[in-house]
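Student: Provided below are the primary sequence and the corresponding predicted coordinates.
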Amino acid sequence: MGTGSSREQHLNSFNTLQRETVPFSSDLWKTILSQNLEDDSLYLENLKKLKNERPENLATFIKKLVNQLVLVKGLQRESNTPGDFQLTTISLSYLSRILPIVFESGDDFADKVFWLNQDVEPLSHPSAKISTPPSITTTEIKEEQENKDQENKDQENKQVEENKENEEKKDEENKTPTTTTTTTTTTTSTSSTNNKNNSNNDESSFDTTPLAVKLMDSLLDLLFFPGFTVTESLGLKSPKEASPDSIPVLFSWAGGFGVDSVPTVHNKQFWINRLSVLQCLITCLSEQLYVPQDLVSTFKSKWLDWITHTQEYYTEALLFSLINTFATFDPIGWGIPYNHLMYSDDHEICSKLSIQILNILLTYDPIENNEIPQQQPQQQPQPIECRNKFIHYIKTLKRVRDFKFFFNAFERIMNVPLIASHTKLPNSTKKIELHQDLTYTMWLFLSYNHDFLRSIVNYENSPEFLIPLLQYMDEGRKSQTTHGIVQIGTFILLLLSGERDFSISLNKPFVGRIHIDIQQPQVYSDFVITVMYRLLVDTPDRLESIYECVLTILSNLSPYMKNLSMVTCVKLMKLFEYLSTPRFLFATNHNYRYVGFLLESLNNLLQHQYESNTRLIYAILRCQNQFSKLAYLKISPVTPSKPMDQITQPSPISTSEEAFGKLNKLSISEEPTTSLNEKSDSTSTGGGGDHQDESISKSKVQSKPTTEHPNSTGATPSSTNSGTPTIKAFSSTTPNQESPKLSSGDVTDSQSSTPNKQQLPPPPPQQTKKTQMVSHFMPTDEWLQDIKKQLPLDNILKVITHLSPQIQGLCTGSGSDEQKIMDYLKMSTIVGIFHNPGPIMTRRYHSNAITKSWFIAYMWCIIYLENHSPPLFLHTNIKLFQVKQ
């Protein structure tokens, strides 16, 4: 507890700071720094009051804390005592709590204190008193000198005005006061222009450096300080003397990535000191938390600019230390049960902070408007040079050994929570929650370095790392608060699906253990499709924002999938039935795109992998009625039995779903499916089933969408109640915007048209609900027939037409019919059925400002939720996303 100061004295010191202006040289600061800062909301309230009521005291306190760090790593570098290191740790803990309070206000306080070195003026307080210790007289001397300087300056101005005509006399009068003032004062206001230049030159040698630069440089130096965070055998002298360009990589905390071995041996005190520095560093980089999400992709932080672009000395050592800290963390160790109860492992907390800081550094790459010039359509976009040196290093990394080291660490850490949750001895293994941060890091590595992506794809057991990832995605779909891991995993699969070798590797026999409630897959393709099906269909909270991305992954993988199991094929048919139902198809004007992606996947399987997917052919033949229903689907307007003036209008208090059911009654008709040959022939010739006159009236479809419209912004992280943002932030399925991952064409919008084109009477002013409902999408038969031409349905109908008569001839009603059908399908062929087999189309992810904003928000959501002890960002005004109190 420091030098013995009690908690009451500590709190009284804060009360004094809130009442009076305390100078820099006051002994009150020693009293405050004599005790460790406790994780108490009372201290946080005191710091916030100090910022609002006495900002000048808070500025002085910050300078006092930074000066302590500069002193330890500078003048006292070779003579520090344990007491100096303890005072440094206390200073770091205070800075970790103060910086978020400074950032959340959004005023010019941070710029004045940290970047401009300006004094903060005290607020007007009638009862304010200046607290000056009686033993200190330097303040009085300084005030007298300032008064004398001001008098000399006024006198000089009068003399200059009186003697303008006599230049010689004026020169003599100017020389005398200049020499006198420069000998009396060097740090206060000067009396002439020459004296100002002299004083500025003196201050530039030690005072012009921004306080933020001093703080950040001190933190980076303390991360590799011998005796504090690394071994003393590296030498107490500053490494800049021997290595002026960059700090030697031997100062890294651990070996593995980038450096084979280091002399530092881990001990508990080193981890505690590293933890204090990392906590202070992550708060210095937290300025993005207090920026709205729509501005964060272009927001330029001076703190992040300095550490990622301006400074180069610590870049490699910091990058290696952060990666190796979590990559070498192994909570299981020798596998001794309940080993986490025997001792506390500070390596775990440092690993979590290290991976979070690494994600912050690798994510910061602000988009500037002037970097995206408007180019001609025929011109190729010019590559933009990355200013972030951390990103540049990852992009240019070629060392295969580093790739393998990081990938092995990823596999090990991702499996830890699953192993801990399914042990025979309950709670025998500690559940380490690093998988969300590490999944995001894997996404960054894959998106930045294509060589790393290729090495993962060609790894000997490359599909095995999908087992924990897909299980986390399946578990994450059950709650809105864990949808983030689903969306990050979807992006990773989208990147991997663009690689041909990865798609082929999914045909390997499934080797692994799964803990979710699904049947053991036969190949990895079965596992991927099963999880995708559950994400799209079996999800309590609709994840419509990932529909297009998931179906795009399936479309990219489908040309290479072989030997799909019968269970998987049935799920594909159920997915088609779900997406092609009128209730889902007519919900929005772009839902037909989802059916198109699934039909494209089925076509790929038929064209490129027909011989090895006979089970899929059998499943398609069993569900041929679903394809026929979609082919003959029509919308028939219903003639009202009452005049328009007698139609009952929806009440103002009725729900939008009830109102739509009353105002817009549509009749969905489908052609009978008695003769498959007739239907298929008419469809292939473009007849559309005109030879059949009868129509079966189905249940009336509500025009109220069952999901949110993709153009709505109600699911962005800034407006959701959950701590994790949803992928709705980039509106991946919006047809009128550039897709964040695909190049999607525009979709015709038929929102204002109705089947019978009836003119509704103007609603009363109080019926605001009906005014909003009229703007919803209203499908018409013309729109339906137009979008059906865009669906790749013809090839599937040709296959059904070709195989259906032979299959019907094999059906005798005995139990061996299914085996006969499968044997026949293995011998069948579709050569000559498809006139022009299309090329394999692969869609790839392309970054944009909206997806970048979502990634930043998701990253900071994880950091915010996992840093409650100590509460670094708790009870601060977060603007990047909405925090549910």
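Tutor: Received the coordinates, thanks. It should be emphasised that the depicted structure is a prediction, and the values quoted were computed from it without experimental measurement.

Student: With just CA atoms, put stretch 836-856 into PDB.
Tutor: The C-alpha coordinates for stretch 836-856 follow below in PDB (Å, rounded to 0.1, in the frame of the first residue of the first chain):
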ATOM      1  CA  ASN A 836     -23.100 -24.900 -73.000                       C
ATOM      2  CA  PRO A 837     -21.600 -25.900 -69.700                       C
ATOM      3  CA  GLY A 838     -20.600 -22.600 -68.200                       C
ATOM      4  CA  PRO A 839     -17.100 -21.800 -66.700                       C
ATOM      5  CA  ILE A 840     -16.500 -22.100 -63.000                       C
ATOM      6  CA  MET A 841     -17.200 -18.700 -61.500                       C
ATOM      7  CA  THR A 842     -15.500 -17.700 -58.200                       C
ATOM      8  CA  ARG A 843     -16.500 -14.700 -56.200                       C
ATOM      9  CA  ARG A 844     -14.000 -13.000 -53.900                       C
ATOM     10  CA  TYR A 845     -14.200 -10.600 -51.100                       C
ATOM     11  CA  HIS A 846     -13.300  -6.900 -51.700                       C
ATOM     12  CA  SER A 847     -13.000  -4.500 -48.700                       C
ATOM     13  CA  ASN A 848     -14.800  -1.300 -48.500                       C
ATOM     14  CA  ALA A 849     -15.500   1.400 -45.900                       C
ATOM     15  CA  ILE A 850     -18.700  -0.100 -44.500                       C
ATOM     16  CA  THR A 851     -17.200  -3.500 -43.800                       C
ATOM     17  CA  LYS A 852     -14.100  -1.900 -42.400                       C
ATOM     18  CA  SER A 853     -16.200   0.100 -40.000                       C
ATOM     19  CA  TRP A 854     -17.900  -3.100 -38.900                       C
ATOM     20  CA  PHE A 855     -14.600  -4.900 -38.300                       C
ATOM     21  CA  ILE A 856     -13.400  -2.000 -36.100                       C
END
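
Student: got the buried residues for it?
Tutor: For stretch 836-856, the neighbour count (16 or more other Cβ atoms under 10 Å) marks Arg843, Tyr845, Asn848, Ala849, Ile850, Thr851, Lys852, Ser853, Trp854, Phe855, Ile856 as buried. In this view, the C-beta of every residue, glycine as well, is placed from N, C-alpha and C.

Student: same deal with stretch 407-425?
Tutor: Phe407, Ala409, Phe410, Glu411, Ile413, Met414, Asn415, Val416, Pro417, Leu418, Ile419, Ala420.

Student: So which of the buried residues of stretch 836-856 belong to strands?
Tutor: Among these, no residue falls in strands (DSSP state E).

Student: Just name the closest of these to Asp437, please.
Tutor: Phe855 (12.9 Å; Cβ to Cβ).

Student: residues touching that closest one, list them.
Tutor: In this structure, Phe855 makes contact with Thr363, Tyr440, judged by Cβ atoms under 8 Å, 6 or more residues apart in numbering.

Student: re earlier: and which of the buried residues of stretch 407-425 is nearest His868?
Tutor: So of the buried residues of stretch 407-425, ranked by how close each gets to His868 (Cβ to Cβ), first place is Pro417, at 18.8 Å.

Student: Helix or strand: which one has that closest one?
Tutor: helix 400-421 (DSSP states H and E).

Student: helix/strand/coil for Ser612?
Tutor: coil (DSSP: H, G, I helix; E, B strand; the rest coil).

Student: err, Ser26, not the other one
Tutor: Once three-state DSSP is applied, Ser26 turns out coil.

Student: Distance of it relative to Lys48?
Tutor: Ser26 sits 22 Å away from Lys48, taking Cβ to Cβ, to the nearest Å as the criterion.

Student: Who has more neighbours out of those two?
Tutor: Ranked by neighbour count (other Cβ atoms under 10 Å), Ser26 and Lys48 place Ser26 first, with 22 against 18.

Student: circling back to that earlier point, for the buried residues of stretch 836-856, could you give me a markdown table that also reports distance to Val262 and pLDDT?
Tutor: What follows is the buried residues of stretch 836-856, written out as a markdown table (distance: Cβ to Cβ, whole Å; pLDDT from 0 to 100):
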| residue | distance to Val262 | pLDDT |
| --- | --- | --- |
| Arg843 | 44 | 92 |
| Tyr845 | 37 | 89 |
| Asn848 | 40 | 89 |
| Ala849 | 40 | 90 |
| Ile850 | 41 | 91 |
| Thr851 | 37 | 92 |
| Lys852 | 35 | 93 |
| Ser853 | 38 | 94 |
| Trp854 | 37 | 94 |
| Phe855 | 32 | 95 |
| Ile856 | 32 | 96 |
